[in-house]
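**Student:** how does the following fold in three dimensions:
(chains A and B)
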Amino acid sequence: MPEYIRPYDSAHDFRAQVMIASLIIVITFGALLSKLWKLQLIDSEYFTEMSYSNRTRLIRLPPPRGSITDRNGQILAQNQPNFSLSVIPGELSEYDKVLEVVPSILGITPEKLRTLLLNAASSPKYKHFQIKKNLNMEEVSLLKTRLGDTRGVVIETRPLREYPFGESLCHVIGTMGEISQDDLLKSQKFVYRPGDYVGKTGMEKEYEGYLKGEEGWTQIEIDAKGRQLGSTSKIPPQRGADIALTIDIHLQRYIEEIFIERAGSVVVLDPETGKILALVSKPGFDLNLFSPSISERNWKNLNSDSLHPLENRSIRGLYAPGSTFKMVTALAGLTEGLIRPDTVFECNGELDVSNQTYRCWKQQGHGKVSLHKALVESCDVYFYELGLRLGADRLARYASLFGFGTATGVELSNELPGLVPNSVWKKRNYGAPIKDGDSVTIAIGQGYLLSTPVQMALMTAALASNGTVMKPYLVDRIVSAEGSTIFQNQPVQKWNASINPKYLELIQKSMRDVVEDKSGTGRKSLIPGLHVHAKTGTSQVIREKDRGAEIDQIPYYERTHAMFVAYVNDRPQKIALAVVVEHGGGGGAVAAPIAKKILCKYYGIPENPR
Amino acid sequence: MPYLEINNKLLGPFGKFEWLLWGLSVILTLIGITLIYSATASLGGQEKTFVFKQLAWFCLSLVMLTALVLFDYKFFEQWAYWIFFAVIIALVVVWAIGRVTAGSRRWIDLGLMRFQPSEFAKLAVVLAVSKCLSEKFGSQSIEIVDLGKPAVIILLPALLVLVQPDLGTAIVTVLIGGSVVLFAGPGRRVLAWIFGGTILLSIVLYFFGGKILLDYQKKRIATFLNPDYDPLGSGYHIIQSQIAIGSGGLSGQGFMQGAQNQLMFLPVKHTDFIFTILAEEFGFIGCLLVLSLFAAYLFRGLSIAQKSRDAFGALVSFGCISIIFWHVTINVGMVMGLLPVVGVPLNFMSYGGSSLLCSFIITALVANVKMRRFGYEV
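**Tutor:** Here you go, the predicted model:
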């Protein structure tokens, strides 16, 4: 017998306590039952009467949603009242009247209305059954005068989200939609009800908790005919808070206007703080299509569009950064001591690495190339040589140092991290060690390397602010309905790349000469009187086979992406930007002019002097 | 840990399993799910989701029950303080989260489910107080000094629940802990002290509480008591609930036919006001049946407590059924307007995972005590 067994402890029996407890249970349950008896059998008639005549109802007052504004308080999303017609099947008796009046006002056929009312009759008796949404003011006033006192007919007011700028900044602002079953169950108690509208994407979703506000209640009395006798008490709803973004909507709109190519993205940020001034993703869509709910046809069109207008390319578009990555490769080489500023490589147009030929974009070659010249003229062979010496793992370390390979942490939760390949990754995904050929292509920003436009802008900003990597952000402040600031965002420094200032200076000088030197690849962004630092990039989509062919002879989806990154850091207002034109051709030819226009607009410099 | 060994004799013919309590629990739960279906139908086509969720919790509860009766309840005696400690930590976490989000929070969000520690706190109090008092048995009778430790065990979680803020649940926790202390059978002198103190405190609060407190403080206490159910502060819900119960009459208005139910007069009718739905749709007969089932459950539990093999078993099984007793009394009393509105679920029947799981843990603990009441057989 295990020692923990104790025999029955007869010295302490609980007979007395059990007797008392039984007595208490009998008395309590007796009391409960007698009260039930009184309510249900003695006063039953009275309460049944009450339940029929009692039409006191607790009505929920949905809270007005907060607005979303740009940095200067310009409204980007706000609420407008929207009306809909519903019936309460359990209270509606004058079907003929409804069938006579409603069709002429709303322009629907009596047959269709009859079907709707039949459907209503078979749905829950006391639930509002919607007949038509989005009534205009005229329809509302006509319905109110003719059916205002008909029992069981209600005109519901619901706020409608309005987006004054339509397509502008659509991916950041985001859409709203009816709450899903899942979210409804997950939501805390009953703050949400079926049919409530919640943010589904973008800021509307991320800041739902702030924008939503608090519901109110009113208790109304209705007489036997269904007329409202007025509300007896009321708790007003509380408006949600306003979200002010760091975006400058005028700059944003300007960029959206001048970006006439089919698809791509532009990210503009303040390198000192990480504030995002513009976040363009093309193509976009009109946010008002989603308000209050998007039609099936529009949704199908948007969803099946081969250019994916619903995707936010700025944070979810994955591109090989191409030559814009060469600054990182150069800094890695310098810091690791593999090259000195005056190291020269010979470029004769191609380089053989493990039995494979890697070509420079310039077929005849650049001749003797120093680092400065390699960046200014974007010589590929120089960086092939460097990549070969660095290896993929060391390159990966420096790429991560400039923010590649991890999500930047901007306030949009579906951001993609991109990809910085290293030997561990290659082993895991391909079961093979990383090869020299991989390192060589990574060195010029091709191969497995993938980044988002916002990461490219962040890298540029880090170069502009001497290696400081800031966290990019979109929300500047949140202001409560009473007008007090409940949240003020502060710049956050993620880390400093701690690069030798001498090396940084050399890179910065080279980037300036990309624009200002006669042989620079970024000449098209030259602005007299402004020191633009930049780098072009042309990232290949498929293996090089059609080199030399005219751009219009290559099918759209096989054309190269045009990339351009630039910054200005010697003005009080600093700027860093990245331009990506999908399948646009060459970075210097297509993306640089866009950057030039943005910079001119930002600094108020006329585009074409004279 | 010797207690964890699964005993084959127990698994064998299931001869010693407590089928009566198990059956009562299952019947009450199924009645509850039926009512949840009716109560949520008017929320707009969600009734299936609610019912499926509750069924999922029911299955989980049955698994939990089976697991808990497999090993000796001595295990709980050994771990009682640790379980109590874990619940205290969970309560502190909830309090901290509530502070961060600047709102009243009663649960920990685990993603898939929402864990409401204040439900489990009541069970932990029962376990810890039972262990603490059962250690006194066999030596001398319980003296006033012996009540220090139980008092701390009861008041600490009660305070943590109080700051959530949820005065109602805090009071229920104290009532449950107090029941266990009284059941342990303190001597006459101690009893006199306890009753005297309670009566004195009640008198002071009753006569002077109104004078000491300012108006806004009274209001705050009122909202402490009923944070959710009375948004307009006019007794609206209790009146509506009484109308619903009264209009049920002798045999009720029929399943899914309650006018008050379908009119959505209560935001929490499928949780704490589930008894109202029962009363409206199944009338006095339905209520009588459910209350009889609960009474049968309580009496069965009492008889198990009386016949248990040791003091800990008796105290735990009594504590467990005292949870059910207080919940049923307060909940049913509340919906009829006899008692103030307090956030107490109706065991087995109210919608909610934590509450259902707790109810079945209670059944499991009492069944466990019954199955092992002849110590030598094990």
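
**Student:** which ones are touching residue A:365?
**Tutor:** Residues touching residue A:365, when contacts are defined by Cβ atoms under 8 Å, 6 or more residues apart in numbering or on different chains, comprise A:347-350, A:381. Quick note: C-beta positions are derived from backbone N, CA and C, even for glycine.

**Student:** let me fix that, I meant to ask about residue B:56.
**Tutor:** With the criterion set at Cβ under 8 Å, 6+ apart, residue B:56 makes contact with nothing.

**Student:** can you say which helix or strand has it in it?
**Tutor:** Using DSSP states H and E, residue B:56 sits within helix B:47-70.

**Student:** so after that helix, what's the next helix or strand?
**Tutor:** With DSSP H and E, the next secondary element past helix B:47-70 is helix B:74-100.

**Student:** which strands and helices lie in contact with that next one?
**Tutor:** Other helices and strands packing on helix B:74-100, by 3 or more Cβ pairs under 8 Å, 6 or more residues apart in numbering or on different chains; DSSP states H and E, are strand B:108-109, helix B:117-134, helix B:148-162, helix B:311-335.

**Student:** tell me the secondary structure for the residue in the stretch 451-600 of chain A positioned nearest to chain B?
**Tutor:** Using Cβ to the nearest Cβ, the single residue of the stretch 451-600 of chain A nearest to chain B is residue A:486, 10.1 Å away. Using DSSP: H, G, I helix; E, B strand; the rest coil as the criterion, the local structure at residue A:486 reads strand.

**Student:** show me chain A divided up by domain.
**Tutor:** By the record's domain assignment, chain A is partitioned as A:15-53, A:58-244, A:249-286+A:312-603 (automatic domain parsing).

**Student:** from residue B:320, how far out is the closest residue to residue B:65 other than its chain neighbours?
**Tutor:** Closest residue to residue B:65 in three dimensions, ignoring its sequence neighbours and counting by Cβ to Cβ, 6 or more residues apart in numbering or on different chains: residue B:364, at 4.3 Å. Remark: distance between residue B:364 and residue B:320 (Cβ to Cβ, to the nearest Å) = 9 Å.

**Student:** those two: who's more crowded?
**Tutor:** Neighbour totals were compared for residue B:364 and residue B:320, and residue B:320 leads with 31 against 25 (other Cβ atoms under 10 Å in any protein chain shown).

**Student:** the residue nearest to residue B:65 is in what secondary structure piece?
**Tutor:** Per DSSP H and E: helix B:353-371 holds residue B:364.

**Student:** what's the angle from that helix to helix B:117-134?
**Tutor:** Using axes from the mean of the first three to the mean of the last three Cα atoms, to 10 degrees, one finds that helix B:353-371 and helix B:117-134 are set 30 degrees apart in direction.

**Student:** output helix B:353-371 as PDB, restricted to C-alpha atoms.
**Tutor:** Extracted as PDB, the C-alpha positions of helix B:353-371 are listed here (Å, rounded to 0.1, in the frame of the first residue of the first chain):
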ATOM      1  CA  GLY B 353     -15.600  28.600 -23.000                       C
ATOM      2  CA  SER B 354     -13.900  29.400 -19.700                       C
ATOM      3  CA  SER B 355     -17.200  29.000 -17.800                       C
ATOM      4  CA  LEU B 356     -18.100  25.700 -19.500                       C
ATOM      5  CA  LEU B 357     -14.600  24.300 -18.900                       C
ATOM      6  CA  CYS B 358     -14.700  25.300 -15.300                       C
ATOM      7  CA  SER B 359     -18.100  23.700 -14.800                       C
ATOM      8  CA  PHE B 360     -16.700  20.400 -16.100                       C
ATOM      9  CA  ILE B 361     -13.600  20.700 -14.000                       C
ATOM     10  CA  ILE B 362     -15.900  21.000 -11.100                       C
ATOM     11  CA  THR B 363     -17.800  17.800 -12.100                       C
ATOM     12  CA  ALA B 364     -14.400  16.100 -12.600                       C
ATOM     13  CA  LEU B 365     -13.200  17.000  -9.200                       C
ATOM     14  CA  VAL B 366     -16.300  15.900  -7.400                       C
ATOM     15  CA  ALA B 367     -16.400  12.700  -9.400                       C
ATOM     16  CA  ASN B 368     -12.800  12.100  -8.600                       C
ATOM     17  CA  VAL B 369     -13.400  12.300  -4.900                       C
ATOM     18  CA  LYS B 370     -16.300   9.900  -5.200                       C
ATOM     19  CA  MET B 371     -14.400   7.400  -7.300                       C
END
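
**Student:** so what pLDDT did residue B:13 get?
**Tutor:** Among the per-residue scores, residue B:13 shows a pLDDT of 43.

**Student:** pretty sure the residue of the stretch 451-600 of chain A closest to chain B is touching residue A:244, no?
**Tutor:** No. Taking contacts as Cβ atoms under 8 Å, residue A:486 lies outside contact range of residue A:244: 11.5 Å.

**Student:** list the residues that contact both of these two?
**Tutor:** Going by Cβ under 8 Å, 6+ apart, residues that sit against residue A:486 and also against residue A:244 are A:478-479.

**Student:** how about the helices in the stretch 151-300 of chain B?
**Tutor:** Using DSSP state H, counting those that start in this stretch, the helices of the stretch 151-300 of chain B run over residues B:167-183, B:188-212, B:215-225, B:236-248, B:259-262, B:274-306.

**Student:** by mean pLDDT, show me the worst of those helices.
**Tutor:** Set side by side, the helices of the stretch 151-300 of chain B differ in mean pLDDT, and helix B:215-225 is lowest with a mean of 57.

**Student:** re the thing from before, so can I have JSON lines of the helices of the stretch 151-300 of chain B showing distance to residue A:13?
**Tutor:** Output for the helices of the stretch 151-300 of chain B, formatted as JSON lines (distance: least, Cβ to Cβ, whole Å):
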{"stretch": "helix B:167-183", "distance to residue A:13": "12"}
{"stretch": "helix B:188-212", "distance to residue A:13": "18"}
{"stretch": "helix B:215-225", "distance to residue A:13": "39"}
{"stretch": "helix B:236-248", "distance to residue A:13": "41"}
{"stretch": "helix B:259-262", "distance to residue A:13": "47"}
{"stretch": "helix B:274-306", "distance to residue A:13": "7"}
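
**Student:** chain A: which of those is closest?
**Tutor:** Between the helices of the stretch 151-300 of chain B, helix B:236-248 lies closest to chain A; by Cβ to the nearest Cβ that is 2.4 Å.

**Student:** by how many degrees do the closest one and helix B:311-335 diverge?
**Tutor:** Using the same axes, to 10 degrees: helix B:236-248 against helix B:311-335 is 90 degrees.
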